[in-house]
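**Student:** Pasting the sequence and the predicted model now:
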Amino acid sequence: MNEVIPNHVAIIMDGNGRWAQNKGLKRTKGHQKGAEVLKKISEYVYDKKIKVLSVFAFSTENWKRDKEEVDYLMDLFIKAFKENFKTIKKKGVKVVFSGVKDRLSKKVIDTMDKMQYETKDNKNGIFNICLNYGGQDEIVEATKKISTLVKDDKLNINDIDKELFSKNMFNDLPPIDLLIRTSGEYRISNFMLWQMAYAELYFTDTLWPDFNEEEFDKALDSFNKRDRRFGGVKK
Ligand code: FPP
């Protein structure tokens, strides 16, 4: 049987803290290992000719964590965006960010802007990093943009459809085909709610720092066994 390659894969990289705690290490060590795993997996994804990869790096709720952990994560993002993702750039992948900029430091924003600018014309794939992101917020923000267009007589209310909504999201991305969540949690945690409407969900007990190419292939195998009907009936 020919392998079906999903167009858009999204990952909730969960379990960094537990991985570190299980080893008697500080939670931040788990994030450090998590960043290394993301580098490897992202390269593997584009080698597999998957076009779009979305990852949940930091949610709007993650600010509730200890300042030390939040500061560590922010520094890690800067370091990873500058160093780790050079290979992604070389592969001709466009990097985009989804989320809001408030509360992010100028240093983080500048690094994000630089990455987006330097890769804006790349055509081989899209790497969507959800940072300071919430799925419900994304839908609310799109609604505000669309309502403003209607209010300013730039849009007829009857022209509001799913395509228009997609265009007004943080980024206009194709639907998610496969969602992977690590660490044995069976939740979607406010992640890409709009784009996930018909996604196949894959959950694994493996903690994100232990995730690897073989684990990714297991998710792809599982995806290949699914019968995707999109609400229809199989002929
Ligand atoms: C969830 O694990 C993970 C995060 C909140 C951070 C994800 C960040 C990375 C994988 C680092 C690299 C990312 C980029 C974009 C460079 P958790 O801390 O909630 O784990 P726990 O549930 O075991 O506590």
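**Tutor:** Okay, I see it.

**Student:** Give me the contact status of whichever helix in the chain runs longest with the ligand.
**Tutor:** Looking across the chain with DSSP state H, the single longest helix is helix 27-47. Yes: Helix 27-47 comes into contact with the ligand (C-beta under 6 Å from any ligand atom), by way of 31, 34-35, 38. Where you see a C-beta, it was placed from the backbone N, CA and C, and this is true even at glycine.

**Student:** just stretch 8-21 next, same as before
**Tutor:** Yes: under the criterion of C-beta under 6 Å from any ligand atom, the ligand is reached by stretch 8-21 at 13-18.

**Student:** Kindly report the same for stretch 120-135.
**Tutor:** Yes: using C-beta under 6 Å from any ligand atom, stretch 120-135 comes into contact with the ligand via Ile129.

**Student:** quick check, distance from that stretch to the centre of its chain.
**Tutor:** The chain centre lies 7 Å from the centre of stretch 120-135; the measure is C-alpha atoms, centre = their mean, to the nearest Å.

**Student:** just stretch 188-201 next, same as before
**Tutor:** 11 Å.

**Student:** Endpoint to endpoint, it covers what distance?
**Tutor:** 9 Å (C-alpha to C-alpha, to the nearest Å).

**Student:** contacts for that stretch?
**Tutor:** Residues outside stretch 188-201 that contact it (C-beta atoms under 8 Å, 6 or more residues apart in numbering): 6, 8, 10, 12, 54, 56, 59, 61, 98, 130, 133-136, 138-139, 142, 165-166, 169, 173-179, 181, 222-223, 226, 228, 230-231.

**Student:** Which among the residues you listed count as buried?
**Tutor:** 6, 8, 10, 12, 54, 56, 59, 98, 130, 133-135, 138, 142, 165-166, 169, 173, 175-179, 181, 222-223 (16 or more other C-beta atoms under 10 Å).

**Student:** Among those residues, which are located in helices?
**Tutor:** Counting by DSSP H, the buried ones among the contacts of stretch 188-201 place 135, 138, 142, 165-166, 222-223 in helices.

**Student:** Let me know the closest of the residues of stretch 8-21 next to the ligand to Asn84.
**Tutor:** Met13 (13.8 Å; C-beta to C-beta).

**Student:** Setting the sequence-adjacent residues aside, check what's closest to that closest one.
**Tutor:** Closest residue in space to Met13, ignoring its immediate chain neighbours: Trp208 at 4.2 Å, by C-beta to C-beta, 6 or more residues apart in numbering.
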